[in-house]
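Colleague: quick check, what structure comes out for this input:
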Amino acid sequence: MKSTLVLGVALGALGAAATITGQQYCNDYVCVTGLHDNAMKTDTSTASMVAPSDFGWIAMGFGSQMVGSPMIIAWPNADGSFTISQRQATQQAMPMVVPNPARKATLVTSTSFKDSSGVGITFTLPSNSSVTNSTSLIWAYGATNPKSSSANATLLQHLASGNAQLALLAPITNTSISGIADSAATGSAGSGSVVSSSGTSRSILIAHIVCGALATMFFLPVGILVPRIARGLSSRRWWFPIHSTGMGIFAFGFVVAAFSIARTYFPGRFNSKHRKLGLSLFILVIFQVLLGIFVHWGRGRIPKTGTSPGRGPTNFIHMAFGLVIVATGFATAWEGLNSEWPLWSGTGAANVGWKVGWGLIVGITTLAYLASLIFLLPRQLKMESAKRGGNTSSASSPSRPIPHSGHTEMRYPHLYGRGSEPPPLPPNKPASA
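Modeller: The predicted structure is shown next:
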């Protein structure tokens, strides 16, 4: 990752002999780094993103909210240069330029870049008179470049923003970014959260989670378990209304609702595993519902395989797709719980109890389905075979025999070969002379 190189160069630029401390915080959108040089009384900050296709500008601020926090906003220009603009907002609107900021930022041009691999902005500014080990930062990025090198250029609203908490006095054991990364991995990484440009409320987040969880963790698993188990217990189709309603109405409806909420209220593109899986689930569910309608109501037009009455190739495709969709739903829920919740909730990582609950549902669903295959599928096939056998014997049962007369052989000589005996005569009829 190029931000690794940027921070490594930044550390070298500060001087190997200096006492440098700091910390890095990363999420799916940006990496924010704060370094403090105690000898030089300067702070070096870096904001970097990996290959943003919709990058316009990036900002860092010192504080916990937009209003009242000094900000450094930077964007690349057409000639390859960068513009640094120090601003401050007095309300929830575009921050205005501060002509004489208390701490003037200086762009580090040697480590600031924008290319196909991503973008990174590094700047230095004088340290505060009193540096604490808990520094609150805000960050944001917008998708539209101002297309002007003027520090007063108009900025369109940010696409995503968030908070980060960095320990500027945290020791760095190595003079390379790997040292920072290692310390981050062992628990000294900064913390933070993400909010949307529209100020996505917690109720919207909860609505998305509820719809997604009901679809992926309840209705989809139930939709494959009910028919799988029921067909091994009875040949009656009492399970079909439950299956069609649960999958075709509730599961489908909640998937569409969760997807619509996400696309409407959460900014950004399909740039995370959760979002890519969610898109895949949305497409698969639509296809599965259409396939289910065709299988259950249009199957009379398709050829049969002969494995069981009325079961054609599309039935097996429908079953296989059901398993794929349930697995995709489980993965989507896990990625949302594990990676998206810490970004959007503002409360950090999800409680371990939610992850345990996810594991229990996945485990119970898997074991129940496997058990039904082992113990109930043979019973189902046996019932279907008996049903087919009953229909066959019923259709081919012989009719009541017709008594023969003594003239049978004479009337139907072609039915008897040479040397064959005529059928026995009825006991109450004498033979003809």
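Colleague: next, count neighbours for residue 23.
Modeller: Per other CB atoms under 10 Å, the neighbour tally for residue 23 reads 27. All C-beta spots, glycine's among them, are computed from the backbone N, C-alpha and C.
Colleague: for the helix or strand hosting it, packing partners?
Modeller: For residue 23, the host element (DSSP states H and E) is strand 20-26. Counting contacts by 3 or more CB pairs under 8 Å, 6 or more residues apart in numbering; DSSP states H and E, strand 20-26 is packed against helix 2-14, strand 31-37, strand 160-166, helix 177-183.
Colleague: now the angle from it to strand 160-166?
Modeller: Relative orientation of strand 20-26 versus strand 160-166 (axes from the mean of the first three to the mean of the last three CA atoms, to 10 degrees): 150 degrees.
Colleague: give me the pLDDT value at residue 169.
Modeller: We have a pLDDT of 85 for residue 169.
Colleague: meant to ask about residue 32
Modeller: For residue 32, the model assigns a pLDDT of 86.
Colleague: count of neighbours near it?
Modeller: Neighbours around residue 32, by other CB under 10 Å: 25.
Colleague: ok, it touching residue 60?
Modeller: Yes. Assessed by CB atoms under 8 Å, residue 32 is found in contact with residue 60 at 6.6 Å.
Colleague: which residues do these two both contact?
Modeller: Shared contacts of residue 32 and residue 60, defined by CB atoms under 8 Å, 6 or more residues apart in numbering, comprise 45, 47, 137, 139.
Colleague: among those, which one lies nearest to residue 72?
Modeller: When the shared contacts of residue 32 and residue 60 are ranked by distance to residue 72 (CB to CB), residue 45 comes first, at 7.4 Å.
Colleague: in the sheet, who's paired with the closest one?
Modeller: residue 34, residue 123 (DSSP bridges).
Colleague: so what's it scoring on pLDDT?
Modeller: 86.
Colleague: low-scoring stretches of the protein, by residue?
Modeller: 1-18, 51-54, 173-201, 267-268, 298-310, 343, 345-348, 390-433 (pLDDT under 70).
Colleague: which residues of it fall in strands?
Modeller: Using DSSP state E, the strands of the chain run over 20-26, 31-37, 42-50, 57-62, 71-76, 82-88, 96-97, 106-107, 113-115, 118-126, 135-142, 160-166, 191-196.
Colleague: now those strands as CSV including distance to residue 206?
Modeller: Formatted as CSV, those follow (distance: least, CB to CB, whole Å):
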stretch, distance to residue 206
strand 20-26, 25
strand 31-37, 27
strand 42-50, 28
strand 57-62, 28
strand 71-76, 30
strand 82-88, 33
strand 96-97, 35
strand 106-107, 41
strand 113-115, 37
strand 118-126, 33
strand 135-142, 24
strand 160-166, 19
strand 191-196, 14
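Colleague: for the chain, which helix is longest?
Modeller: helix 273-298 (DSSP state H).
Colleague: list the buried ones in that helix?
Modeller: For helix 273-298, a neighbour-count test (16 or more other CB atoms under 10 Å) marks 273-275, 277-278, 280-282, 284-285, 288-289, 291-292, 295-296 as buried.
Colleague: for that helix, packing partners?
Modeller: So helix 273-298, by 3+ CB pairs under 8 Å, 6+ apart, packs with helix 240-245, helix 252-265, helix 313-335.
Colleague: so residue 33 touches residue 43, yeah?
Modeller: No. Contact criterion CB under 8 Å: residue 33 and residue 43 do not qualify, at 10.5 Å.
Colleague: more neighbours: these two, which one.
Modeller: Neighbour tally, residue 33 and residue 43, criterion other CB under 10 Å: the higher count belongs to residue 33, 28 against 22.
Colleague: so how far is residue 25 from that one?
Modeller: 8 Å (CB to CB, to the nearest Å).
Colleague: ok, now residue 253?
Modeller: From residue 253 to residue 25 the distance is 38 Å (CB to CB).
Colleague: next: residue 139.
Modeller: 9 Å.
Colleague: between residue 253 and residue 25, who's got more neighbours?
Modeller: residue 25 (21 against 15).
Colleague: how near is that one to residue 165?
Modeller: With CB to CB as the criterion, residue 25 and residue 165 are 8 Å apart.
Colleague: also residue 282?
Modeller: Distance from residue 282 to residue 165, by CB to CB: 35 Å.
Colleague: next: residue 87.
Modeller: For residue 87, the distance to residue 165 - CB to CB - is 22 Å.
Colleague: more crowded one of those two?
Modeller: residue 87 (20 against 15).
Colleague: hmm, back to that, looking at the strands of the chain, spot the one closest to residue 375.
Modeller: strand 191-196 (47.2 Å).
Colleague: anything in contact with each of residue 139 and residue 25?
Modeller: Contacts common to residue 139 and residue 25, judged by CB under 8 Å, 6+ apart, are 32, 164.
Colleague: my read is that residue 119 contacts residue 48, right?
Modeller: Yes. Residue 119 is in contact with residue 48 according to CB under 8 Å; the separation is 6.7 Å.
Colleague: now the closest residue to residue 78 other than its chain neighbours: how far from residue 81?
Modeller: Nearest residue to residue 78, sequence neighbours excluded (CB to CB, 6 or more residues apart in numbering): residue 147, at 7.7 Å. To residue 81, residue 147 is 13 Å away according to CB to CB.
Colleague: repeat that for residue 104.
Modeller: 18 Å.
Colleague: which one of those two has more residues nearby?
Modeller: Per other CB under 10 Å, whichever of residue 104 and residue 81 has more neighbours is residue 104, with 14 against 11.
Colleague: quick check: phi and psi at that one.
Modeller: As for residue 104, its main-chain torsions (degrees, to the nearest 10) stand at phi -90, psi 130.
Colleague: give the contact list for the nearest residue in space to it that is not next to it in sequence.
Modeller: Using CB to CB, 6+ apart and skipping residues adjacent in sequence, the residue nearest residue 104 is residue 125, 6.5 Å away. Counting by CB under 8 Å, 6+ apart, residue 125 touches 42-43, 45, 72, 103-106.
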